[in-house]
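Participant: Give the three-dimensional model of this entry:
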Amino acid sequence: MNWQPLFHMQQELDNYIVAQHQLENEQVFDKKILALLVEVGELANETRCFKYWSLKPASPNDVIAEEYVDGIHFILSLGLELGLDDFKSQDRTTEKDLSSLFNDVFEKITTLKNERTIEAYKELFQTYLLLGNAIGFSADDMKDAYLDKNKVNYDRQNHGY
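Facilitator: Model (predicted):
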């Protein structure tokens, strides 16, 4: 998938948020890391993949997709912070279960926080895409969900979110 258009859209949204909240002189990398950790936790909660003690099913697919794409927003934004404006994903498959993949994503986020390297970023992005595929999302699903949520994010900014 060509991620460059989404990086461009994310840059526009990030610039809009910076202007709206007067963050021109703020360093927000660590806040974005924390936000991503929270969003991934919310996604895991909606999939319920780790809730071995419960019989309640996962949330509807549209809810899971919205949570998933929140993570894409922050991953793109972190890439922009590192000076990237594109990403070449690799087709990978895995036999890991969702809980293991979520743990891998959390680990990759922590590595990016500590290292702040392009390589750590690429590993995070690739692992997050692998998680999305394991949940059942295609690249087109991810893109469509991103476009929908991007509109919501602008609406929220325009209405005092």
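Participant: Identify the residues contacting Ala65.
Facilitator: Phe137, Asp141, Ala145 (C-beta atoms under 8 Å, 6 or more residues apart in numbering). Every residue, glycine included, has its C-beta placed from N, CA and C.
Participant: So for this structure, the centremost residue is which one?
Facilitator: Gly71 (1.8 Å; C-alpha atoms, centre = their mean).
Participant: And it, which helix or strand is it part of?
Facilitator: Per DSSP states H and E, Gly71 falls inside helix 61-81.
Participant: coming back round to it: skipping adjacent residues, who's closest to the residue nearest to the centre of the chain in space?
Facilitator: Glu39 (4.8 Å; C-beta to C-beta, 6 or more residues apart in numbering).
Participant: And the helix-or-strand element of the chain with minimal mean pLDDT, what does it pack against?
Facilitator: Lowest on mean pLDDT, DSSP states H and E among the helices and strands of the chain sits helix 139-158, with a mean of 84. When contacts are defined as 3 or more C-beta pairs under 8 Å, 6 or more residues apart in numbering; DSSP states H and E, helix 139-158 sits against helix 4-20, helix 61-81, helix 118-135.
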